[in-house]
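Asker: with the input below, show me the fold.
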Amino acid sequence: GGIQPAIAQAGNAVAAPVDFQACNFREGKGFADLDKVSARFREYANKHNFAYSAWTLAPQYHSDSGFDVGWLGSWPSNQAFGVSMEKWQKSSDGLAKEFENVMDCSSHHELAWSLPINAPEATPLDGIMLASQCSLQDGKSMDDAYSAHLKWGDEKKAMGFLDNSWLFVPAAGIGGEDFDYYHIVVFYRYSDLGAAMELYANGGGEQKYKKFLGSISSCEIPDVFDARSVRAHDER
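Answerer: This next block holds a predicted model:
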């Protein structure tokens, strides 16, 4: 897919880049091996002053994720993306090969713009990530969807939901799929997720969600991942 122009501009939203790779472990390799390379990558990124956050994603609840582990990265700005990508391409200190020896990420690599809904000031660390693919209803735009998600986000806060959330709008590497954006929701603890499930299922949350989003977009049932922080973008 090419660069898509349909970035929502509701309010003072700043669209920042995120990238996602779907990876499969090489034979005999697993999370213990990945953790060793991730630790080396953290040192490398700190040494080279990368403005880059990264997490590993282990599929937890899913129908068929199609991969063993995901790698999610984010930058605070498009400029930071360009600078760190250039540094990585010029010298990865052998880390690219080390990652390649542990897992194969060649099948799926996509770039998106992240739009905050309820986002924390600091970079989220370990947690639980829910990812849903959403499709706009006929005649609706990304601006409509973002505005509706912001309103629903305010309502969730008022109801006591303890999540952070974003929209990920496809930018590159995502072509021809039958959806328009991802809705990303993150909880720090399973107890917070459980409390949110109760509010959604038995506390009127589902009805309010449909009120705000029902006529705007349709989101699939989410896949759930255990997210483990590799580093925060402001580490040194």
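Asker: P120 contacts N164, correct?
Answerer: Yes. The pair P120 and N164 passes the contact test of CB atoms under 8 Å, sitting 5.4 Å apart. Glycine gets a C-beta too; all of them are placed from N, C-alpha and C.
Asker: now do the buried residues in stretch 224-234.
Answerer: 224-233 (16 or more other CB atoms under 10 Å).
Asker: who does the longest strand anywhere in the chain touch, helix- and strand-wise?
Answerer: For the chain, the longest strand by residue count, based on DSSP state E, is strand 103-118. In this structure, strand 103-118 makes packing contacts with strand 16-25, strand 69-74, helix 142-159, strand 164-172, judged by 3 or more CB pairs under 8 Å, 6 or more residues apart in numbering; DSSP states H and E.
Asker: okay if I get the ones you listed as a markdown table plus distance to H109 and mean pLDDT?
Answerer: Compiled in a markdown table, the helices and strands packed on strand 103-118 are given as follows (distance: least, CB to CB, whole Å; pLDDT from 0 to 100):
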| stretch | distance to H109 | mean pLDDT |
| --- | --- | --- |
| strand 16-25 | 5 | 93 |
| strand 69-74 | 9 | 93 |
| helix 142-159 | 22 | 93 |
| strand 164-172 | 9 | 88 |
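Asker: for these, give me a markdown table that also has distance to L213 and mean neighbour count.
Answerer: What follows is the helices and strands packed on strand 103-118, written out as a markdown table (distance: least, CB to CB, whole Å; neighbours: other CB atoms under 10 Å):
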| stretch | distance to L213 | mean neighbour count |
| --- | --- | --- |
| strand 16-25 | 22 | 20 |
| strand 69-74 | 24 | 22 |
| helix 142-159 | 5 | 19 |
| strand 164-172 | 12 | 21 |
